[in-house]
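# what follows is a predicted structure for the sequence shown.
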Amino acid sequence: MILARLKWNTPLYKVDEFVTKFKKKYKNKRLRMDLKLTDTECLIYIFRKLH
């Protein structure tokens, strides 16, 4: 699992660009990405599906 922590004031369009580039690059690698956006933090969890 990879955890990316961004600054709380990161613009949403930059988060969207990162996610879009990541999905295009690793399209068939069976990876899953979860985002948690709150007022104080922005976390991106990246992990691999086993089945």
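Now that the structure is in, tell me what you want to look at.
# quick one: residues contacting the residue nearest to the spatial centre of the chain.
The residue lying closest to the centre of the chain (Cα atoms, centre = their mean) is residue 44, at 3.9 Å. Contacts for residue 44 were tallied using Cβ atoms under 8 Å, 6 or more residues apart in numbering; they are 3, 4, 5, 6, 15, 18, 19, 33, 34, 35, 36. To be clear about C-beta, it is placed using only N, CA and C from the backbone, and glycine gets the same treatment.
# now the strands for the protein?
For the chain, strands defined by DSSP state E occupy the ranges 2-6, 31-37, 42-48.
# quick one: buried ones out of the contacts of residue 44?
In the contacts of residue 44, burial by neighbour count holds for 6, 15, 18, counting by 16 or more other Cβ atoms under 10 Å.
# would a markdown table of the strands of the chain with distance to residue 23 and mean pLDDT be doable?
Conversion of these to a markdown table gives the following (distance: least, Cβ to Cβ, whole Å; pLDDT from 0 to 100):
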| stretch | distance to residue 23 | mean pLDDT |
| --- | --- | --- |
| strand 2-6 | 14 | 73 |
| strand 31-37 | 7 | 83 |
| strand 42-48 | 11 | 82 |
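# could you dump the ones you listed to a markdown table with distance to residue 24?
What follows is the strands of the chain, written out as a markdown table (distance: least, Cβ to Cβ, whole Å):
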| stretch | distance to residue 24 |
| --- | --- |
| strand 2-6 | 17 |
| strand 31-37 | 12 |
| strand 42-48 | 14 |
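# from the buried ones among the contacts of residue 44, pick the one nearest residue 48.
residue 18 (18.3 Å; Cβ to Cβ).
# ok, what's across the strand from the closest residue to that closest one other than its chain neighbours?
Nearest-residue entry for residue 18: residue 44, 7.5 Å, with adjacent residues in sequence omitted and distances by Cβ to Cβ, 6 or more residues apart in numbering. Following DSSP bridges, residue 44 is listed with bridge partners residue 4, residue 35.
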